[in-house]
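Turn this into a structure:
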Amino acid sequence: MIVYMDRKLFVFDVGGVVVFHPSVLDGFCKRYGLDIAKVSADWASYSKPFMDGFCGPEIMYRMFERKYNLDLSDDDVMMTYYHPVANQPMIDIINELNASGHRVVSGSNTYAGHWEFCKTMDSHPLACFDKLYASHEIHYTKPDEEFYLYIMKEEGFRPEDSFFTDDSAVNLQTASRLGMTTFRYTGNNEEFRTFLAPYLH
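The predicted structure is shown next:
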């Protein structure tokens, strides 16, 4: 039996890393002919509370109806324009990390509807993780320090033994400041595999 003395914790963002999807906000604005520059600020002011899991998006829908004179009674905006596809090469890399003896978990800012949708996808993109940490379930969102500290405490790993991968530079800044090793994923799977080479057996 092989004992891995240098077992590490790898934390992966999901959207933009493990699954790809077009912007929900873009799809919504195109459908109703809205100026995305104007709508984005309203969108951002509501997104954190429901990614933190303290409310659903319906309160945002009602605001959009009043402010932009829309009828969204038959449009669950967050789901209508959400069309994720699995990044299979990334999933393969995660499986290799697991096979190499490391602990691999998700660490994602997300909304309950999107999370449940990903769980039911035929490609099962979340099945590669040892454990799932989603913002709406742990009630912390990136880039708040509490998000990263919560995961490391739950997993029992020190920052210096932990890695964080995300497509957002802002989210990586906090992780790096805490002492985690970070990698900004830009879609180049071979570049990422090269970065991970010392940890793959």
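
any idea how far I36 is from the spatially most central residue of the chain?
Nearest residue to the geometric centre of the chain (CA atoms, centre = their mean): S108, 3.0 Å. Relative to I36, S108 is positioned 23 Å away (CB to CB, to the nearest Å). Glycine gets a C-beta too; all of them are placed from N, C-alpha and C.

can you give me the strands for this structure?
Listed in chain order, the strands of the chain (DSSP state E) span 9-12, 19-20, 85-86, 103-106, 162-166, 181-184.

Please point out which parts of the last one sit buried.
By neighbour count with 16 or more other CB atoms under 10 Å, strand 181-184 contains the buried residues T181, T182, F183.

I'd like those as a markdown table, with pLDDT appended.
Putting the buried residues of strand 181-184 into a markdown table (pLDDT from 0 to 100) gives the following:
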| residue | pLDDT |
| --- | --- |
| T181 | 98 |
| T182 | 98 |
| F183 | 98 |
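
can I get these in a markdown table with distance to E155?
A markdown table is the format used below for those (distance: CB to CB, whole Å):
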| residue | distance to E155 |
| --- | --- |
| T181 | 15 |
| T182 | 17 |
| F183 | 18 |
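
Just the buried positions in the lowest-mean-pLDDT helix or strand in the chain, please.
Least confident helix or strand of the chain, by mean pLDDT, DSSP states H and E, is helix 36-51 with a mean of 92. In terms of neighbour count (16+ other CB under 10 Å), helix 36-51 has its buried residues at V39, W43, Y46, S47, P49, F50, M51.

got the domain boundaries for the protein?
9-21+85-199, 24-80 (automatic domain parsing).

what's the span of the last one, first residue to last?
Read that as domain 24-80. 8 Å (CA to CA, to the nearest Å).

Figure out how far that domain is from the centre of its chain.
Taking the mean of its C-alpha atoms, domain 24-80 sits 19 Å from the chain's own mean (CA atoms, centre = their mean, to the nearest Å).

same check, this time on stretch 13-27
9 Å.

in it, what counts as buried?
Under the neighbour-count criterion of 16+ other CB under 10 Å, stretch 13-27 has D13, V14, G15, G16, V17, V18, V19, H21, V24, L25, G27 buried.

Just give me the neighbour total for T194.
Residue neighbour count, defined by other CB atoms under 10 Å, stands at 10 for T194.

pLDDT wise, what is it at?
Listed pLDDT for T194 reads 95.

how close does the nearest residue to N189 once chain neighbours are set aside sit to L178?
Nearest residue to N189 in three dimensions, chain neighbours excluded: P89, at 4.2 Å (CB to CB, 6 or more residues apart in numbering). Counting by CB to CB, the gap between P89 and L178 amounts to 28 Å.

So if I had to pick from the two, which one is more boxed in?
Between P89 and L178, counted using other CB under 10 Å, the more crowded position is L178 (16 against 13).
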